[in-house]
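Visitor: coords please:
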Amino acid sequence: MSALQFCSAKQLASAIRRKKVGCLELLDLYLDRIDRYNSRINAIIFMDIDPARKRAKKADEALTKGDLWGPLHGVPMTIKDSYDVTGMPTTWGVPQYKNNYPKKDAIVVERFLRAGAIIFGKTNIPYHLADWQSFNDIYGTTNNPWDVTRVPGGSSGGSAAALAAGLTGLEAGSDIGASIRNPAHYCGVYGHKPTYGIVSPRGQALPGVVAATDISAVGPLARSADDLSLALKVMAGPDDIDGAGWQLRLPRPKKKSLREYKVAVIYSDPEAEVDDEVQNRLHAVTEFLVKSGVKVSDTARPKFDSGKAHQNYVRLLRGATVGRFTPEEFQKNLDVFSKIDPSDESYPAQMIRAQAMYHKDWLTFNEMRHKMRLSWADFFNEFDLLLCPAATTTAFPHNQRGERWERMVMVNGKPQPSTTQMFWAGYSCNFYLPSTVAPAGLASDGLPVGVQIVGPQYGDYKCLHFARLLERDFQNFSPPPGFE
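Guide: Okay, the predicted model is just below:
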């Protein structure tokens, strides 16, 4: 077993059950590490310590009586700021919600508590969860523990940074534009974006919002693939209303070893060129898979145009997030929309069109999405999984100037708008597909690279099983230097 602070949640739960460590003892270990290390990275931005310590004491007492609360009995964990947790503010990084203390836990929070977890704090996010870095005017900037001059990703950036630095045992995030996947990639941890709709998002929303958002999913981040599986089992399933009529039964993978898999690999795409540093690690994954007997194709693709798929994603994504706008912000966009050149296909032009489109236009894009979704289903009749980048680069330097599409990242020596890499978010999640990001080793600059493992709809455990095989035989989590 590795150092206790870097153990998986599953290992921590086992150590607690075997009485190798106490629940309160483990919580205090993480609290001590937060005192020592959190100032470097600003990942954990709020803690409710007294109730957490009381719950940890009760967990210890329960264990002495043989009362096991669940698979996460006594495991300390934090959770993304966007989830409602009683006793802690839910801000979404928006200053007007700084003192928004919910009166009820999110469904996912309830489920983690029923599983025995000790939720003691919250992790940082960007404003409105809308960035590939994590900073806001309430809590400031979160740094990547591998290099504090660089971003940890977003919007679950605090989640991934806290896990990598050994400040928490488990995490939960959300993902509409790689908000679980890019932080996992940048920080060298594991993340899973579930199939759309299999985890209830109730309580992971702006105040007063109860409707589920198109494309968006909530899911776990962790230091091991096994933890992702355990956490998904805890999180998944309908809410009390839908649960009256349906049950979730995700298929379990039938394959046992890597050599039984048939996968396709994409290293880059004309829509979003990927830096060689990232491609090199993906090639290393592929070389390992070929040597392991995996059938690998680097030419197989779903039968649709990737450019049209990306355009479809941007329209539906920005159509989905327009609900966050105030009436004044929406009117401002309508005014801009009337002045856009019809030939302008830049990201901001596509975004404004999406935010101002008629519902009939949305229905057209939704129909296009579902036709591509059928192409994905055909693809997965031939291939088990698709492997691809999670982002176009390793973690990039902090850059908070201007709009997101004005901020550049360097890809093979050339500037690329940071929003271009949204392609690797939408290529799968716009079509409701699950995907897991697993560590693929370090680039030559010493920064982590993750591989994105995309599976068929409801094939969550297939993605997670493949990630576990890679973890066992190729690359597992390793902590960043300086946080030992």
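
Visitor: Please parse the protein into its domains.
Guide: Domain assignment of the chain by automatic domain parsing yields the ranges 4-258+461-473, 306-366.

Visitor: Of all the ones you listed, which one is nearest residue 400?
Guide: Closest to residue 400 of the domains of the chain is domain 4-258+461-473 (C-beta to C-beta; 6.0 Å). From N, CA and C alone the C-beta is placed, and that goes for glycine too.

Visitor: just the domains of the chain: most buried one?
Guide: Compared across those, domain 4-258+461-473 shows the largest average neighbour count, a mean of 22 (mean count of other C-beta atoms under 10 Å).

Visitor: how long is that one end to end?
Guide: Distance between the two ends of domain 4-258+461-473: 22 Å, counting by C-alpha to C-alpha, to the nearest Å.

Visitor: Could you give the average pLDDT over it?
Guide: Domain 4-258+461-473 carries an average pLDDT of 98.

Visitor: ok now that domain, how far from the chain's centre?
Guide: A distance of 10 Å separates the centroid of the chain from that of domain 4-258+461-473, by C-alpha atoms, centre = their mean, to the nearest Å.

Visitor: So which of the domains of the chain is nearest residue 389?
Guide: Closest among the domains of the chain, using C-beta to C-beta: domain 4-258+461-473, at 8.0 Å.

Visitor: Which secondary structure state does residue 108 sit in?
Guide: helix (DSSP: H, G, I helix; E, B strand; the rest coil).

Visitor: If you drop the residues flanking it in sequence, what lies closest to it?
Guide: Excluding the flanking residues, the one nearest residue 108 by C-beta to C-beta, 6 or more residues apart in numbering is residue 235, at 5.2 Å.

Visitor: Tell me if I'm right that that neighbour and residue 172 touch.
Guide: Yes: between residue 235 and residue 172 there is a contact at 6.9 Å, judged by C-beta atoms under 8 Å.

Visitor: who touches both of those two?
Guide: 108, 112, 218-220 (C-beta atoms under 8 Å, 6 or more residues apart in numbering).

Visitor: List the contacts of the helix ranked longest in the chain.
Guide: Ranked by number of residues, the top helix in the chain under DSSP state H is helix 359-382. Residues outside helix 359-382 that contact it (C-beta under 8 Å, 6+ apart): 262, 264, 300-304, 308-309, 312, 315-316, 319, 386, 430-433, 455-457, 459.

Visitor: And stretch 467-477, by the same measure?
Guide: In contact with stretch 467-477 (C-beta under 8 Å, 6+ apart) are residues 6, 188-190, 223-226, 228-229, 257-258, 285, 288, 292, 436, 438-441, 451, 453.

Visitor: Which of the residues you listed fall within strands?
Guide: Using DSSP state E, the subset of the contacts of stretch 467-477 located in strands is 190, 436, 438-441, 451, 453.

Visitor: Kindly provide the distance from the closest residue to residue 216 other than its chain neighbours to residue 324.
Guide: Nearest-residue entry for residue 216: residue 176, 3.9 Å, with adjacent residues in sequence omitted and distances by C-beta to C-beta, 6+ apart. Look at residue 176 and residue 324: by C-beta to C-beta, to the nearest Å, they are 11 Å apart.

Visitor: For the domains of the chain, give me TSV that also has distance to residue 424.
Guide: Output for those, formatted as TSV (distance: least, C-beta to C-beta, whole Å):
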stretch	distance to residue 424
domain 4-258+461-473	7
domain 306-366	10
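
Visitor: Select, out of the ones you listed, the one closest to residue 410.
Guide: domain 4-258+461-473 (12.3 Å).

Visitor: Next up, the contacts around residue 288.
Guide: 473-474.

Visitor: hmm, 7 Å instead?
Guide: For residue 288, the contacting residues are residue 474, by C-beta atoms under 7 Å, 6 or more residues apart in numbering.

Visitor: how about the helices of the stretch 101-250 of the chain, start to end?
Guide: For the stretch 101-250 of the chain, the helices defined by DSSP state H, counting those that start in this stretch occupy 107-114, 157-164, 181-187, 225-235.

Visitor: Could you export those helices as CSV, including distance to residue 467?
Guide: What follows is the helices of the stretch 101-250 of the chain, written out as CSV (distance: least, C-beta to C-beta, whole Å):
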stretch, distance to residue 467
helix 107-114, 21
helix 157-164, 15
helix 181-187, 11
helix 225-235, 4
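
Visitor: Please enumerate the helices of the stretch 301-450 of the chain.
Guide: Here the stretch 301-450 of the chain has its helices, by DSSP H, counting those that start in this stretch, at 306-321, 327-337, 347-356, 359-382, 422-429.

Visitor: could I get the ones you listed as JSON lines with mean pLDDT and distance to residue 160?
Guide: Output for the helices of the stretch 301-450 of the chain, formatted as JSON lines (pLDDT from 0 to 100; distance: least, C-beta to C-beta, whole Å):
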{"stretch": "helix 306-321", "mean pLDDT": "96", "distance to residue 160": "21"}
{"stretch": "helix 327-337", "mean pLDDT": "86", "distance to residue 160": "29"}
{"stretch": "helix 347-356", "mean pLDDT": "90", "distance to residue 160": "25"}
{"stretch": "helix 359-382", "mean pLDDT": "98", "distance to residue 160": "27"}
{"stretch": "helix 422-429", "mean pLDDT": "98", "distance to residue 160": "15"}
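
Visitor: Can you check what angle separates the longest helix of the chain from helix 347-356?
Guide: Counting by axes from the mean of the first three to the mean of the last three C-alpha atoms, to 10 degrees, helix 359-382 lies at 110 degrees to helix 347-356.

Visitor: List the contacts of the nearest residue to residue 280 once chain neighbours are set aside.
Guide: Excluding the flanking residues, the one nearest residue 280 by C-beta to C-beta, 6+ apart is residue 443, at 7.2 Å. Residue 443 is in contact with 277-278, 281, 394, 449, counting by C-beta under 7 Å, 6+ apart.

Visitor: how about a cut-off of 6 Å?
Guide: For residue 443, the contacting residues are 277, 394, 449, by C-beta atoms under 6 Å, 6 or more residues apart in numbering.

Visitor: give me the number of residues near the last one?
Guide: Burial measure for residue 449: 29 neighbouring residues, criterion other C-beta atoms under 10 Å.
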